[in-house]
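Participant: Sequence first, predicted model second:
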Amino acid sequence: MRLALFAAALLMTTGAPSHAQDSTATLREALGRLPEIVLTNPVADQAYFVDMAALWQLNPSASPAETLNRLNFGRFVAPVNVMANALPGFPEEWKEKAGIDAREIRYFAGFGQSHFAVSYWGLADEAATGEMMTGLSGLGFVSAGDGVLGNGKPNAIDPSAIDPRNPWRGAVGQASFVARQGSVLIQAPAPEAMANLLLGEGDAGAAGNIVVATALDGIDGALTDGTLIQAMLISPVLGMASIDPGTMLVPDAQNIDDMRAAIEAQMKTAQKGIPPYLGGILVDAQTGDAPALVVSLAYQDCATADTAITQIEARWNQTMQEQNPVEISGRSVESGSGLCAATVTFIDAAPDPSSPVLARRVLDAVMRREFTVLQIGQTQ
């Protein structure tokens with residue numbers, strides 16, 4: 001609910017297998033498209049990403065149903081959820097309604113939920129986005145001014161247009177508005193949103209934030225031999241379910257001292273857990289034949305990060321290992337930002353193709369508020 005309300009406020013405001021390194025670079029690129037203000041949203045899950053190219057390459061001979069079944073974090077991006085529910089009839093029906101072959105999309109990223117979701121379609125290059133914008137005219141889109149195309153009324157639901165298999169309409173028939181920036185198409189529920197979503201020249205977006213940059217450096221250091229499939233950008237709210245998140249995130253996302261002070265001020269009510277982190281990223285990865293979950297959390301120094309790693313390993317063994325046996329490894333990664341990432345990799349020790357992958361099981365536990373491995377509290 002908070003995520004939807006935050007996205008609504010942003011939209012209504014018009015003022016101001018490949019090598020792991022390759023996949024991480026794509027994630028960094030995608031986060032660089034999101035406005036940094038997303039990081040001030042007081043929710044646990046601030047943004048989502050899926051590397052579509054990496055997803056298709058996992059098992060080139062797999063059926064679309066088998067491939068799309070891997071989706072977990074990525075399903076929170078609106079068009080990805082449509083794609084995941086487009087069977088049978090995929091990929092032909094998707095291409096007809098989306099205006100692009102699914103395998104021509106490099107990545108999806110997004111934030112917000114329900115009627116206020118914002119989605120980013122990462123394509124091959126500017127020529128590809130230009131061609132797709134032209135093609136949208138054949139799918140019911142018309143000019144909404146300032147280079148934006150739309151297929152209906154802003155922020156309006158049209159029951160007559162409901163189509164759960166159409167990423168531009170979806171299950172409630174809501175109109176989409178699309179703008180182009182370089183190799184990315186931005187999809188939003190209102191044209192006014194683009195004033196906040198189209199970043200200015202030199203704006204590094206969320207990827208330029210010191211906390212996010214540290215978490216990304218941690219993934220680079222931890223996932224040296226594997227493929228990054230999808231990811232979820234998290235805030236400290238994930239580890240503070242019993243605490244009011246609205247007082248934790250300061251307006252200036254770069255002000256680390258104020259942010260840490262706000263978190264520590266609420267530690268009085270916290271339970272046992274790991275040292276307070278500034279933010280992080282959860283990654284669904286593939287290492288050889290085994291799925292893996294990679295956690296990368298930003299800390300002010302590597303001594304604290306090392307303490308966090310020890311506690312995370314212990315908490316997993318106490319709360320998750322029996323039902324989710326994994327091989328655990330951890331390391332701290334000093335970032336060029338001056339902060340330090342605590343990274344822990346969990347490799348599924350007993351992968352079962354008929355069961356959800358490890359990241360999906362963890363995500364399900366997070367949604368049920370039963371995942372306490374990253375709970376912030378007093379270290380034991």
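Facilitator: Structure's in. What do you need? As the structure is a prediction and not an experimental result, all values here were calculated from the model.
Participant: From now on I want contacts and neighbour counts done on CA atoms only, so please keep to that.
Facilitator: OK.
Participant: Now do the helices in the stretch 251-380 of the chain.
Facilitator: With DSSP state H, counting those that start in this stretch as the criterion, the stretch 251-380 of the chain has helices at 256-265, 302-319, 358-367.
Participant: Kindly export the last one (C-alpha atoms) in CSV.
Facilitator: Yep, that's helix 358-367 we're talking about. Only the C-alpha atoms of helix 358-367 are listed here, as CSV (Å, rounded to 0.1, in the frame of the first residue of the first chain):
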residue,chain,number,x,y,z
LEU,A,358,15.5,-20.5,-3.7
ALA,A,359,14.9,-16.8,-4.4
ARG,A,360,11.2,-17.5,-5.0
ARG,A,361,10.9,-19.3,-1.7
VAL,A,362,12.6,-16.5,0.1
LEU,A,363,10.4,-13.9,-1.6
ASP,A,364,7.3,-15.8,-0.5
ALA,A,365,8.6,-15.8,3.1
VAL,A,366,9.2,-12.0,2.7
MET,A,367,5.7,-11.4,1.5
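Participant: Contacts for it, please.
Facilitator: Contacts with helix 358-367, where a contact means CA atoms under 8 Å, 6 or more residues apart in numbering, come from 71-73, 283-284, 291-293, 324, 348, 371.
Participant: do the same with the second one
Facilitator: When contacts are defined by CA under 8 Å, 6+ apart, helix 302-319 is touched by residues 273-275, 298-299, 328, 330-334, 339-344, 372-374, 379-380.
Participant: Just checking: what are the partner strands of the host helix or strand of Leu233?
Facilitator: Taking DSSP states H and E as the criterion, Leu233 maps to strand 227-234. Using DSSP bridges, the strands paired with strand 227-234 in its sheet are strand 45-51 (antiparallel), strand 280-287 (antiparallel).
Participant: how far off helix 358-367 does it point, in degrees?
Facilitator: 10 degrees (axes from the mean of the first three to the mean of the last three CA atoms, to 10 degrees).
Participant: Number of residues surrounding Thr307?
Facilitator: Counted by other CA atoms under 10 Å, the residues lying close to Thr307 total 16.
Participant: Check Leu139 too.
Facilitator: 14.
Participant: go on, Asp203?
Facilitator: 15.
Participant: now the contacts of helix 302-319: which count as buried?
Facilitator: Those of these that meet the buried threshold are 273-275, 298-299, 328, 330-334, 339-344, 372-374, by 16 or more other CA atoms under 10 Å.
Participant: In space, what's closest to the residue positioned nearest the centre of the chain - neighbours in sequence excluded?
Facilitator: Taking CA atoms, centre = their mean, the centroid of the chain lies closest to Tyr48, which sits 1.5 Å from it. Closest residue in space to Tyr48, ignoring its immediate chain neighbours: Met232 at 4.6 Å, by CA to CA, 6 or more residues apart in numbering.
Participant: Tell me which residues touch that neighbour, please.
Facilitator: 45-49, 73-74, 281-283.
Participant: try it again with 6 Å
Facilitator: Met232 makes contacts with 47-48, 73, 281-282, as judged by CA atoms under 6 Å, 6 or more residues apart in numbering.
Participant: quick one on the thing from earlier: can you say which of the strands paired with strand 227-234 is nearest to Gly150?
Facilitator: strand 45-51 (23.8 Å; CA to CA).
Participant: pLDDT on that closest one, on average?
Facilitator: The average pLDDT for strand 45-51 rounds to 97.
Participant: Can I get that strand in CSV? Just the C-alpha atoms.
Facilitator: The C-alpha coordinates for strand 45-51 follow below in CSV (Å, rounded to 0.1, in the frame of the first residue of the first chain):
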residue,chain,number,x,y,z
ASP,A,45,10.8,-3.4,-1.7
GLN,A,46,11.7,-0.2,-3.6
ALA,A,47,12.3,-1.5,-7.1
TYR,A,48,12.5,-4.6,-9.3
PHE,A,49,14.6,-5.8,-12.2
VAL,A,50,14.8,-8.8,-14.5
ASP,A,51,17.5,-9.5,-17.1
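Participant: now it, how far from the centre of its chain.
Facilitator: 1 Å (CA atoms, centre = their mean, to the nearest Å).
Participant: same deal with stretch 79-98?
Facilitator: 21 Å.
Participant: Flag every buried residue along that stretch.
Facilitator: Buried, per 16+ other CA under 10 Å, within stretch 79-98: 79-86, 90-91, 93-94, 97-98.
Participant: That one: end-to-end distance?
Facilitator: One end of stretch 79-98 to the other measures 9 Å (CA to CA, to the nearest Å).
Participant: Run through who's touching it.
Facilitator: Taking CA under 6 Å, 6+ apart as the rule, stretch 79-98 contacts 68, 75, 101, 165-167.
Participant: Could I get the average pLDDT for it?
Facilitator: 92.
Participant: which stretches of the stretch 101-250 of the chain have low pLDDT?
Facilitator: 241-250 (pLDDT under 70).
Participant: Next, count neighbours for Asn209.
Facilitator: 17.
Participant: Angles on the backbone of Asp220, please.
Facilitator: Asp220 has phi and psi values of phi -60, psi -40 when expressed as degrees, to the nearest 10.
Participant: how deep is it tucked in, by neighbour count?
Facilitator: For Asp220, using other CA under 10 Å, the count is 20.
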